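In: Give me a model of this one.
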Amino acid sequence: MVSSASLRASGVCVCILSLLPNSLLSQTNSGFDEAWARVSSELQDTLEATGMVGASWAFLNDGRILAHETFGFADLETSRLVDEATIYHWGSITKTLTGIAIFQLRDRGLLGLDDSVVEYVPELAQVHNPFGPMDQITLRHLLSHSSGFRGPTWPWGGGESWHPHEPTGWDQVVAMLPYTEILFPPGSRWSYSNPGIIFLGRVIETLSGEEWEVYVEKNILRPLGMHRSYFDFTPYHLLPYRSNNYTIRDGMPTANGLDFNTGITVSNGGLNAPLKDMARYLAFLTDSGSEEERKTFQTVLARTSIEEMWKEEVPIQEAGELRESMASSFFLEEFRGVRYVGHTGSQKAFFSFVYVHPESKTGAIVAFNSNGQPGTGSLRPNTRAILNWFREMLFSRVFPVFREPRTVPAVVWKRR
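Out: As a prediction, the model looks like this:
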């Protein structure tokens, strides 16, 4: 982290909100600054070495952005740099919005989590289920990716998890249902399923009488103050802030285009937003901010319901010091016995994650706009591997700083 002297020289404002005696304040600030500077420097070195085009990452406490780093270019053709207003595509992090919408409808008495999905989407009765009737598959199964539906979006296409030309209408999905098969007994294990979330999106539309995007904007984005967030194509006034995304082959980036239509899969992966809006979302998830803000958060979804969403539904895997399980549309990552809640996102060459530690009201946001094509030389970012590495660095070095008595460290906006 840059020194306070250099920050004053550059005109950057540093705000320290003292909640503890000066000795503890100094220790906490120092601990965060040191840990953040180390992991950010290591990440920057990795991004430079692998040819990443652009990236942003930030850390929050009690709803405030403590540090926000930017790297590289949002758009190479126009030489536009990444900055704090850059808009990324967040892919499957969108699934958490779908989960929240389902819990909203539950709290309003319109559905039950253990209701059969066929009750709300009767077309699913056409799916072949060798393990029993389709009405045994519940909304809870879909939320926890334990329904038995396949992972890839459609029953053809070479096993790809997502296709660049998605169907745009529900009738196109219905036409595929007789060719879709349940792969294991519902509730018996975890298997990530894009179609399952699409079906939840259909439930939301059926019960609300609105398109999924309209419902989520009215009931989640707008009340949370996420005013620069949207789905699919970028509004004209936000185009100057939209990041492109790049596939790297032998060190050469190829642009994939600013926009693409996620079609009927919008409830599964259509969100676009700047980091500041995502910080608003994490403030909501951690019940952070002013009393007025927290009252607003309660109108979006009651705190008890959010905590219910984070109850483990099905285990996923254990690898080294990390145990991973699935809750209702959120992943639970238990690292060295400490639970973190979040989700990752990847679509085209956009990669991202959000994670929170609810007890300390802390959170991390990361977004990249590039990915290497496998087998095309060493100068290419293996972005998923970088994400996993950086997640572990945050879990092991940065988040632990706030599990002791704490305050809010300096707020720093920094460009790399």
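In: Can you pull the poorly scored residue ranges out of the stretch 201-350 of the chain?
Out: By pLDDT under 70, the stretch 201-350 of the chain contains no weakly predicted segment.
In: the strands in it, which residues?
Out: 230-231, 246-249, 252-255, 271-274, 314-319, 322-326, 331-335, 338-347, 350-357 (DSSP state E, counting those that start in this stretch).
In: Adding distance to residue 387 and mean neighbour count, write those out as TSV.
Out: Every residue, glycine included, has its C-beta placed from N, CA and C. Shown next, in TSV, are those (distance: least, Cβ to Cβ, whole Å; neighbours: other Cβ atoms under 10 Å):
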stretch	distance to residue 387	mean neighbour count
strand 230-231	23	20
strand 246-249	15	22
strand 252-255	18	15
strand 271-274	17	26
strand 314-319	15	13
strand 322-326	13	18
strand 331-335	12	19
strand 338-347	7	20
strand 350-357	6	25
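In: for those, which one sits closest to residue 89?
Out: Taking Cβ to Cβ, strand 350-357 is the member of the strands of the stretch 201-350 of the chain nearest to residue 89, at 4.2 Å.
In: tell me what whichever helix or strand comes after the closest one is packed against?
Out: Next helix or strand after strand 350-357 toward the C-terminus (DSSP states H and E): strand 362-368. With contacts taken as 3 or more Cβ pairs under 8 Å, 6 or more residues apart in numbering; DSSP states H and E, strand 362-368 sits against strand 54-61, helix 275-285, strand 350-357, helix 383-393.
In: How many residues are close by the closest residue to residue 138 other than its chain neighbours?
Out: In this structure, residue 138 finds its nearest non-sequential neighbour in residue 114, 5.0 Å apart by Cβ to Cβ, 6 or more residues apart in numbering. Counted with other Cβ atoms under 10 Å, the neighbours of residue 114 add up to 9.
In: Please shift the residue numbers so they start at 44 in all later answers.
Out: All right, first residue 44 from here; so that's residue 157.
In: Residue 157 in helix, strand or coil?
Out: Counting by DSSP: H, G, I helix; E, B strand; the rest coil, the backbone at residue 157 sits in coil.
In: low-confidence ranges in the stretch 44-193 of the chain?
Out: In the stretch 44-193 of the chain, residues with pLDDT under 70: 44-72.
In: Let's see that with 90 instead.
Out: Applying pLDDT under 90 to the stretch 44-193 of the chain flags residues 44-73, 92-94, 193.
In: Do a quick rundown of the strands in it.
Out: Using DSSP E, counting those that start in this stretch, strands in the stretch 44-193 of the chain cover 97-104, 107-118, 123-124, 130-134.
In: With mean neighbour count and distance to residue 346 added, can I get these in TSV?
Out: Below are those laid out as TSV (neighbours: other Cβ atoms under 10 Å; distance: least, Cβ to Cβ, whole Å):
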stretch	mean neighbour count	distance to residue 346
strand 97-104	26	18
strand 107-118	22	19
strand 123-124	16	39
strand 130-134	28	24
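In: These into CSV, with extra columns for distance to residue 407?
Out: Output for these, formatted as CSV (distance: least, Cβ to Cβ, whole Å):
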stretch, distance to residue 407
strand 97-104, 5
strand 107-118, 10
strand 123-124, 22
strand 130-134, 14
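In: how about the residue lying closest to residue 128 once chain neighbours are set aside, what does it touch?
Out: Nearest in space to residue 128, with sequence neighbours left out and distances taken as Cβ to Cβ, 6+ apart, is residue 284 at 4.9 Å. The contact partners of residue 284, by Cβ atoms under 8 Å, 6 or more residues apart in numbering, come to 117, 128-130, 271, 317.
In: do that again at 7 Å, thanks
Out: 128-130, 317 (Cβ atoms under 7 Å, 6 or more residues apart in numbering).
In: what does residue 143 give?
Out: 263, 344.
In: What of residue 117?
Out: Shown in contact with residue 117 (Cβ under 7 Å, 6+ apart): 97, 123-125, 129, 286-287.
In: now with 6 Å?
Out: 97, 123, 125, 129, 286 (Cβ atoms under 6 Å, 6 or more residues apart in numbering).
In: Hmm, the third one is touching residue 96, no?
Out: Think residue 125. No - judged on Cβ atoms under 6 Å, residue 125 makes no contact with residue 96 at a distance of 8.9 Å.
In: Identify the contacts common to the two.
Out: When contacts are counted by Cβ under 6 Å, 6+ apart, the set common to residue 125 and residue 96 consists of residue 115.
In: and residue 179, how many neighbours does it have?
Out: Residue 179: 18 surrounding residues under other Cβ under 10 Å.
In: whoops, I mixed them up, residue 331
Out: 22.
In: ok, it touching residue 404?
Out: Yes - judged on Cβ under 6 Å, residue 331 makes contact with residue 404 at a distance of 4.8 Å.
In: shared neighbours, these two?
Out: residue 105.
In: returning to that earlier point: and the gap between the residue nearest to residue 181 and residue 134?
Out: According to Cβ to Cβ, to the nearest Å, residue 157 stands 29 Å off from residue 134.
In: Out of the strands of the stretch 244-393 of the chain, which gets nearest to residue 327?
Out: Comparing the strands of the stretch 244-393 of the chain by Cβ to Cβ, strand 393-400 comes nearest, at 10.0 Å.
In: Parallel or antiparallel, list what pairs with that closest one.
Out: Partners of strand 393-400 in the sheet, by DSSP bridges, are strand 381-390 (antiparallel), strand 405-411 (antiparallel).
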